[in-house]
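[1] Everything below, folded, please.
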Amino acid sequence: EEEEHHKDDFQLLCMTCLYTSIKIHEPNVKLSAEAVAEMSRGVFARDDVVEQEAALMKELGWRMSGPLAMCFTDRFVDLLLDMDGSWEEEDAAHLRWACRGLCEASAANGQLVSCHRSCVGLACVMVALEDCGEED
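    Predicted structure coming up:
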């Protein structure tokens, strides 16, 4: 019985971590504590998820990572594609792929650590756009 209790605690913590991560990193995804509780198939209630999230945040001292450069890059590319509907699907996919590679490379560059992540993300989009334009 004690082992089952630990398993439930672990499951609740994992589900709450996923829920919290989605809230932070996927702003377009609407996931409620009720939906998370429903995913547990009746093992947990909404209040369990909310209380676990509060305990998690308290334990972490509310130190959560802000958006990465890639998060900004994704949003900038989404905005660009929304504004300019002339992009072919293959070209848009190539642009996203190029941006991802540049963001990964920027993360390994110690000189960029002090730069705002939004600036790094925008620079990645600009360089990727330049590269995509040269291939035409």
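
[2] check contacts around residue 22.
    Residue 22 makes contact with 29, 31 under the criterion CB atoms under 8 Å, 6 or more residues apart in numbering. From N, CA and C alone the C-beta is placed, and that goes for glycine too.

[3] Okay, it and residue 68: tell me how far apart.
    15 Å (CB to CB, to the nearest Å).

[4] Equivalent analysis for residue 10, please.
    27 Å.

[5] The two: who's more crowded?
    Between residue 10 and residue 68, counted using other CB atoms under 10 Å, residue 68 has the larger neighbour count: 16 against 10.

[6] Make sure the more buried one is actually in contact with residue 103.
    Yes. With contact defined as CB atoms under 8 Å, residue 68 counts as touching residue 103 (7.4 Å).

[7] Output the below-cut-off pLDDT ranges for the protein.
    Counting by pLDDT under 70, the chain shows low-confidence ranges at 1-5, 134-136.
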